[in-house]
Every structure is written in structure tokens, then in C-alpha cells.
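Enquirer: My questions are about this predicted structure, shown below with the sequence.
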Amino acid sequence: MTLGAFSISLAVKDIEASKTFYETLGFTVFAGQLESNYLIMKNGETLVGLFQGMFENNILTFNPGWDQNAKNLDKFDDVRTIQKHLKSKDITLETEADETTSGPASFVVLDPDGNAILVDQHV
């Protein structure tokens, strides 16, 4: 099973302060809009999302169908296939993708320590 591009999505208090901090660590703005309170920062293949006021806790994010440059992959495991696999292993999902659809969809699962994992397919 391939989960796609990985990033961590951070719930930040001050997006401008966070942007400056991550730039000091060598990250540059890869995507997003400061005026919309979210930025995706990149350093090499490492992605960190900064989100002000959008969610309460940090989230591990996987994007099936994308590489680390947000480019579409020709071959990938669909989010619904990944979801079905987890459900077959008795993993409880917090939210689910509609398995009767195709294309963009997402689901959320919590790891044993309560960390949210978002599997978010954009293609």
C-alpha cells in the first residue's frame, strides 16, 4: 500500500512568526496563501504545512496520487482502496471517504496515541 506524498500539518498560533521560523530552518514557501492563513513550506523533499485557525491539533497528512512536488502520479493506491484495507483490519475511522465515488476524497484515522492521520487524495 502506497500512501503518497507525506507532510505534517501544524496548527500554528501566528502564521507569520511560523513562516519566519521555518524560513530560518531553510524552508521556502511552496504553496498556499498567507492571507488565507495557510502555507506549505518545503525543504528538499520535506513538507510542513502551517495552518492558523483551521484545526486544533497537528495532523500527519498523506496525499495518494501526488509525489512530494504535488505532481500527479500515473499509478497510485486510491484513497478508497486504502480505506477498505484499514477497515478490513478493524481500524476505526474518524471520517470516511464515500466508497461509491471516484476522484478526490479523504478520510481521517487516529493512531493509538490519538494523533490524527489525514489521507487526502486530490486527483
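Expert: Thanks, I have it. Numbers count the residues shown, from 1 in each chain.

Enquirer: Pull the number of nearby residues for G4.
Expert: 22 (other C-beta atoms under 10 Å). In this view, the C-beta of every residue, glycine as well, is placed from N, C-alpha and C.

Enquirer: With G26 instead?
Expert: 11.

Enquirer: again, but for T61
Expert: Neighbours of T61 (other C-beta under 10 Å): 21.

Enquirer: in this protein, which spans are strands?
Expert: For the chain, the strands defined by DSSP state E cover 5-12, 28-33, 38-43, 46-52, 59-63, 93-95, 105-110, 116-121.

Enquirer: okay if I get these as a markdown table plus distance to R80 and mean pLDDT?
Expert: Listed next are the strands of the chain as a markdown table, based on distance: least, C-beta to C-beta, whole Å; pLDDT from 0 to 100:
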| stretch | distance to R80 | mean pLDDT |
| --- | --- | --- |
| strand 5-12 | 18 | 97 |
| strand 28-33 | 25 | 97 |
| strand 38-43 | 25 | 98 |
| strand 46-52 | 23 | 98 |
| strand 59-63 | 14 | 97 |
| strand 93-95 | 12 | 98 |
| strand 105-110 | 7 | 98 |
| strand 116-121 | 9 | 98 |
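
Enquirer: is it possible to export these to TSV including distance to Y22?
Expert: Shown next, in TSV, are the strands of the chain (distance: least, C-beta to C-beta, whole Å):
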stretch	distance to Y22
strand 5-12	9
strand 28-33	9
strand 38-43	5
strand 46-52	6
strand 59-63	16
strand 93-95	28
strand 105-110	24
strand 116-121	20
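
Enquirer: Okay then, goodbye and thanks.
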